[in-house]
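*Asks:* The following comprises the amino acid sequence and a computationally predicted model.
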Amino acid sequence: MTSYQSLQNSFRWQIPEYYNIGVDVCDRWALTEPDRLALSYIDDRGVASQHSYGALHEQSNRLANFLVGQGLARGARVGILLRQCPETAVAHIAVYKAGCVAVPLFMLFGGDALVHRLQDSGSRIVITDGEGAGKLAAIRHELPDLQVVVSIDAGQVAGDELAWRDCLATSSSEFTPVQTRADDPALIIYTSGTTGLPKGAVHAHRTLLGHLPGVEISHDLLPQAGDKIWTPADWAWIGGLLDVLLPALHHGVPVVARRFSKFTGEAAFDLLQDHGIRNAFIPPTALKMMRALPNAASRWRLNLRSVASGGEPLGVELIKWGRETLGVTINEFYGQTECNMIVSSAASIMSPPPELLGRVMGRPVPGHELAIVDAAGSPVADGVEGAIAVRRPDPVMFLEYWNNPAATAAKFHGDWLITGDVAVVEAGGWIRFVGRDDDVITSSGYRIGPGEIEDCLLRHRAVRMAAVVGKPDPVRTEIVKAYVVLNDPDDASPSLAADLRAHVKALLSAHEYPREIGFVDELPMTATGKIIRRILRQRARDEV
């Protein structure tokens, strides 16, 4: 296809009645090209290993047999508490083929976060490593449904944990996958918890098929010869799992797995260069950390074909930096845990007008019907702010919130899933993100989105990161308050704060500049790298 419009005109969903993610992303390739490279894994020592589809097939069969042998039936929940590694991919494939439901969990979760998710999901088995097993041992008394913990670290198995190696060695390599319908539950991904207690979004097997068009577009029509993909995003996040790992395995694109114990811009550039990465999904927070490095374009030799990003607005500065340093236009996409990859961009087939560059996040992905709606759920005219809504049924849309019918019902207004994000449709059908409904600032009658101000602050030479919230004000309802992380903390001063205010006022407008600026060492982030603005809003309220 040579244009966005041709994609829109020709697109048709082909969702079969029976479909299983594990069979699709592994067995399909293993039966025809068992030696085809699926994963390249770089361990903590920097040692690389190669893993074929045939190897994933055998190991996932053994693990699926183990799960069934433990009494797990169709629909049973299995927690996967692992970093990026081959065992994570094997665990997901096995869970899907066994007809069970995967519950991805972040390794950096603390005890309370794990208790909530494991209690709520009723997970009966957790697959983890030595570190995760230690965390689970401390909270095991709060998890009555948890029967078995499997550790991939054979040398660190203690108590009643089982060793991954033993579980596979004693199980058959022959397994007949459970015949699942496309609408059967496959995984429960918990929301980020930026507002309220995290809820478990239940996704069907078809969600992978629903993700494919957006993933393909955001990587300038993936797959192409020589493609090789990597992301720093954890595979426990929908962005790492369903925007990278599973779509790449579906397409036979090799995935590079390397989860840094601590992400740095230098490490990311080294990996991109040393392993010849052609495609990358890099969240905005990581891009900003890479952008802070001086002379990156001359320090590293890159061979990127596509870079996609989502989770927070990019802004003009990151787009320009990407072109100069990465050699590509970063393609922005949009979605959320409940309904992901529904807006995307692709520099190769659609570019916004220059005046919209960095201000819009893309156009609706073919196959998804979007609208900007008002409080009554009715579509509004172009140029008018409203909530981003997606019409059901849609293959990428979640089935429900686990054990929470009230929250599920509240997510919909008629046939529209209401995302809770505010946007505007600009000329040409481009969608401009304004902010989450609770992030939008109301000041002197103006509605102000934080993203554009944050992007403007990033253009200042002294600023590394910035977050903007509304602070209660008796005259203006709210004022704009910016929390800023500096490249050099010693630069913090009243004169720099005044300079930043003038910088925004000159580049944006008088009603959008931050009347207050607070210099901070770091910003509160979710595990997926999103700014937790509710914490900053509470901090601002406490300052009143």
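*Replies:* Perfect, thanks for sending it. Numbering: from 1, shown residues only.

*Asks:* Would you mark the buried spots in the helix or strand that residue 408 is a member of?
*Replies:* Residue 408 belongs to helix 405-410 when elements are defined using DSSP states H and E. Neighbour-count burial for helix 405-410 flags 407-408 (criterion: 16 or more other C-beta atoms under 10 Å). C-beta here means a position set from N, CA and C on the backbone, and glycine is covered the same way.

*Asks:* got the end-to-end distance for stretch 437-448?
*Replies:* Using C-alpha to C-alpha, to the nearest Å, one end of stretch 437-448 lies 11 Å from the other.

*Asks:* so how far is it from its chain's centroid?
*Replies:* Distance of stretch 437-448 from the chain centroid (C-alpha atoms, centre = their mean, to the nearest Å) equals 26 Å.

*Asks:* Check which residues of it are buried.
*Replies:* By neighbour count on 16+ other C-beta under 10 Å, the buried set for stretch 437-448 is 439-441, 443, 448.

*Asks:* Lowest-confidence entry in the residues you listed?
*Replies:* Among these, residue 440 has the lowest pLDDT, at 76.

*Asks:* need the contact list for that one.
*Replies:* Contacts for residue 440 (C-beta atoms under 8 Å, 6 or more residues apart in numbering) come out as 422, 434, 447-450.

*Asks:* So which bits of the strand or helix carrying residue 517 are buried?
*Replies:* Taking DSSP H and E as the definition, residue 517 sits inside strand 516-519. Under the neighbour-count criterion of 16+ other C-beta under 10 Å, strand 516-519 has 517-519 buried.

*Asks:* quick revisit: what is the nearest of the contacts of residue 440 to residue 356?
*Replies:* residue 434 (14.1 Å; C-beta to C-beta).

*Asks:* So for the helix or strand containing the closest one, mean pLDDT?
*Replies:* Assigned by DSSP H and E, residue 434 belongs to strand 431-436. Average pLDDT, strand 431-436: 87.

*Asks:* got it, and stretch 273-286?
*Replies:* The pLDDT scores in stretch 273-286 average 94.

*Asks:* Report the contact partners of the closest residue to residue 147 other than its chain neighbours.
*Replies:* Distances taken as C-beta to C-beta, 6 or more residues apart in numbering put residue 124 closest to residue 147, at 5.0 Å, once the chain neighbours are dropped. Taking C-beta under 8 Å, 6+ apart as the criterion, residue 124 is in contact with 70, 72, 76-78, 145-148.

*Asks:* Then residue 499?
*Replies:* Applying C-beta under 8 Å, 6+ apart, we find residue 499 in contact with residue 460.

*Asks:* got it, and residue 463?
*Replies:* Applying C-beta under 8 Å, 6+ apart, we find residue 463 in contact with 457, 484-487, 500.

*Asks:* do residue 357 as well
*Replies:* Taking C-beta under 8 Å, 6+ apart as the contact definition, residue 357 lies against 316, 319, 351.

*Asks:* Pull out the buried members of those.
*Replies:* For those, buried by 16+ other C-beta under 10 Å: 316, 319.

*Asks:* could you pull out the helices for the stretch 201-350 of the chain?
*Replies:* Under the criterion DSSP state H, counting those that start in this stretch, the stretch 201-350 of the chain contains helices at 207-218, 238-240, 246-251, 265-274, 284-291, 296-299, 315-321.

*Asks:* right, so of these, which gets closest to residue 49?
*Replies:* helix 265-274 (15.1 Å).

*Asks:* So which elements touch the closest one?
*Replies:* Packed against helix 265-274 by the contact rule (3 or more C-beta pairs under 8 Å, 6 or more residues apart in numbering; DSSP states H and E) you find helix 284-291, helix 296-299.

*Asks:* Most neighbours out of the contacts of residue 124, which is it?
*Replies:* Using other C-beta atoms under 10 Å as the neighbour test, the contacts of residue 124 are led by residue 78, with 26 neighbours.

*Asks:* before we move on, back to that, widest-spaced pair of the buried residues of stretch 437-448?
*Replies:* The two members of those with the most space between them (C-beta to C-beta) are 439 and 443, at 13.2 Å.

*Asks:* Please convert the helices and strands packed on helix 265-274 to JSON lines, extending it with distance to residue 97 and mean neighbour count.
*Replies:* As requested, those are exported to JSON lines (distance: least, C-beta to C-beta, whole Å; neighbours: other C-beta atoms under 10 Å):
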{"stretch": "helix 284-291", "distance to residue 97": "32", "mean neighbour count": "22"}
{"stretch": "helix 296-299", "distance to residue 97": "42", "mean neighbour count": "13"}
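
*Asks:* Quick one, which of these gets closest to residue 327.
*Replies:* Among those, the nearest to residue 327 by C-beta to C-beta is helix 296-299 (8.1 Å).

*Asks:* How about residues contacting the closest one?
*Replies:* Helix 296-299 is contacted from outside by 265, 269, 290, 293, 324-325, using C-beta under 8 Å, 6+ apart.

*Asks:* Stretch 108-119 too?
*Replies:* Contact with stretch 108-119 is made by 79, 81, 103, 105-106, 123, 126, 135-136, 138-139, 142-143, 145-146, 190, 197-198, 200, 527, as judged by C-beta under 8 Å, 6+ apart.

*Asks:* so how far is it off the chain centroid?
*Replies:* Here stretch 108-119 is found 19 Å from its chain centre; the criterion is C-alpha atoms, centre = their mean.

*Asks:* Spatially central residue in this protein, please.
*Replies:* A centroid search over the chain (C-alpha atoms, centre = their mean) returns residue 239, at 2.5 Å, as the residue closest to the centre.

*Asks:* Leaving out sequence neighbours, find the closest residue to that one.
*Replies:* Closest residue to residue 239 apart from its sequence neighbours, by C-beta to C-beta, 6+ apart: residue 233 at 4.6 Å.

*Asks:* OK, contacts around that neighbour?
*Replies:* For residue 233, the contacting residues are 239-240, 243-244, 281, 283, 528-529, by C-beta under 8 Å, 6+ apart.

*Asks:* for residue 62, same thing?
*Replies:* Residue 62 touches 94, 167-169, 171-173, 175, counting by C-beta under 8 Å, 6+ apart.

*Asks:* I appreciate the help and will end here.
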